[in-house]
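S.K.: Predicted coordinates and the sequence they were generated for:
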Amino acid sequence: MNRRQFIQSTGLTTLGYLSGIQQFALAQTPTAMKSATQNGPFIILFLRGGADGLSILSPLDDSNFIAARPPQMLFEQNSMVVSSGGMKWYWHPSAAPLAQLMESKRLVPWHAVGLSNETRSHFEAQEMMERGVESLQSLPDNLGIVSRIASLSSGDKGFLFAGSNSLPRAFQGNIPSMAIKDLQNGVPFPGGPDQLKIIESLVTADRNHPAAKSIQDTLEYLNKIQRVLINGEKRVKPYESLGQTSYPNTDPGIGLRSVARLIQANIGLQYAWVDHGGWDMHEGQPQRMNQVLNQLSQGLLAFDQDMQAQNKKYTLVVLTEFGRRFRSNNSNGTDHGHGGLAMVLGSQIPKIQMMGKWPGLNDADLDRGVDLAVTTAYSDVIQEALNWSRLN
């Protein structure tokens, strides 16, 4: 096997394993997304599977909602209340940390958010949201929504980081990006340091290979991160939060911990992404909701406390591809719906309790007669969060 074959087989495989830098042509943007002068990084946490926002933040005073769900999918009214426009919503018991963040003016919930496109396909909805479009029939460019936002920002754009196992489509574009879920022991590399040295030498020896530039850029970023994490020590020490709440060793806590580590390292991180799966609950929703919502709540509380203790600013948006059906199915679950729940967290959010226009749950108000309607486009939530990110 010659050098070119080795770089193509080993280097590109390595690049894919690390979800390294991918190059695409920069084209005209399909939306008028405005850039922001940010105070701290802008982060998106994506709940994959379609989270049931009506179970996370429930309108327990609404007789329509009570009639639509069996008792085991409801919970008793509690003191964790969100009030807006004469209505009340109650946080799920497993969302107590989210209620705590809201009370401390660090979180704003946003009901009835989603796509105007009424697809119920996970693949289609996630693809559209990550690409920043409303249809997949005619894509205007090769950019993902985060790459598009970053490309409009002035100054050094740095690189895009995903605390996940793979690059999100939202990063597709011409800005260096990488995905490493867990940085607890430093930058992982398949084959270890010895294989890393071999690939570096091969890339150096064959710089004209089409893949060489991308691989070299990836290696430089990985080496830079690794040097910062080692910080003069013999090895990378496990990251310890400065907050009172420890990061749970589950999703999304692991990814958020990796993002926090890069923020602490002061290497110029401006945009990040974290995935949290497990929200597709067609059956057994009460037990599954307790588990994943607790993971989400604890992870976000740990991250916010860590950032506050470090005096670091940030803005984080929680999104999901769509909500769940208003009425439960016969398996104590909910099927794919439309309007969902978004949340914005951070150090510069306005001191308000809730955002969005509540569409109502009467039959005439429901989308197609079965779903919570969408009254705010997900892209508007992102844009508003970007605007907030520059507040002092």
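M.R.: Done, it's in. Numbers count the residues shown, from 1 in each chain.

S.K.: Quick check: residue 255 is in a helix.
M.R.: Yes - applying DSSP: H, G, I helix; E, B strand; the rest coil, one finds residue 255 inside a helix.

S.K.: Skipping its backbone neighbours, what lies nearest it in space?
M.R.: Ranked by Cβ to Cβ, 6 or more residues apart in numbering and with sequence neighbours excluded, the top spatial neighbour of residue 255 is residue 163, at 2.9 Å. All C-beta atoms are positioned from the backbone trio N, CA, C, and that covers glycine.

S.K.: go on, residue 253?
M.R.: residue 299 (3.8 Å).

S.K.: pLDDT score assigned to the one you found?
M.R.: Looking at residue 299, its pLDDT stands at 98.

S.K.: correct me, but it touches residue 249?
M.R.: No - the criterion here is Cβ atoms under 8 Å, and residue 299 misses it with residue 249 at 10.2 Å.

S.K.: Same drill for the two, tell me which one is more crowded.
M.R.: Neighbour comparison, residue 299 and residue 249: the larger count goes to residue 299, with 25 against 11 (by other Cβ atoms under 10 Å).

S.K.: next structured bit after the helix or strand harbouring residue 341?
M.R.: Using DSSP states H and E, residue 341 sits in strand 340-346. Helices and strands here follow DSSP H and E; after strand 340-346, the next one along the chain is strand 376-377.

S.K.: which is the next helix or strand following that following strand?
M.R.: helix 378-388.

S.K.: Strands of the stretch 51-200 of the chain, residue ranges please.
M.R.: Applying DSSP state E, counting those that start in this stretch to the stretch 51-200 of the chain gives strands spanning 57-58, 81-84, 87-91, 107-114, 160-162, 177-179.

S.K.: Identify all contacting residues around the shortest one.
M.R.: If you take Cβ atoms under 8 Å, 6 or more residues apart in numbering as the criterion, strand 57-58 is touched by 65, 74, 75, 82, 89, 90, 91, 92, 95, 109, 111, 341.

S.K.: what pairs with that strand, and is each one parallel or antiparallel?
M.R.: Take DSSP bridges as the rule and strand 57-58 pairs in its sheet with strand 87-91 (antiparallel).

S.K.: tilt between the partner strand and strand 340-346?
M.R.: Here the directions of strand 87-91 and strand 340-346 differ by 80 degrees (axes from the mean of the first three to the mean of the last three Cα atoms, to 10 degrees).

S.K.: Between strand 107-114 and strand 87-91, find me the angle.
M.R.: 110 degrees.

S.K.: Near residue 369, how many other residues are there?
M.R.: Using other Cβ under 10 Å, residue 369 has 9 neighbouring residues.

S.K.: ok now do it, which residues does it touch?
M.R.: Contact analysis of residue 369 by Cβ under 8 Å, 6+ apart lists residue 363.

S.K.: Same check on residue 97?
M.R.: Contacts for residue 97 (Cβ under 8 Å, 6+ apart) come out as 245, 297, 298, 300, 301.
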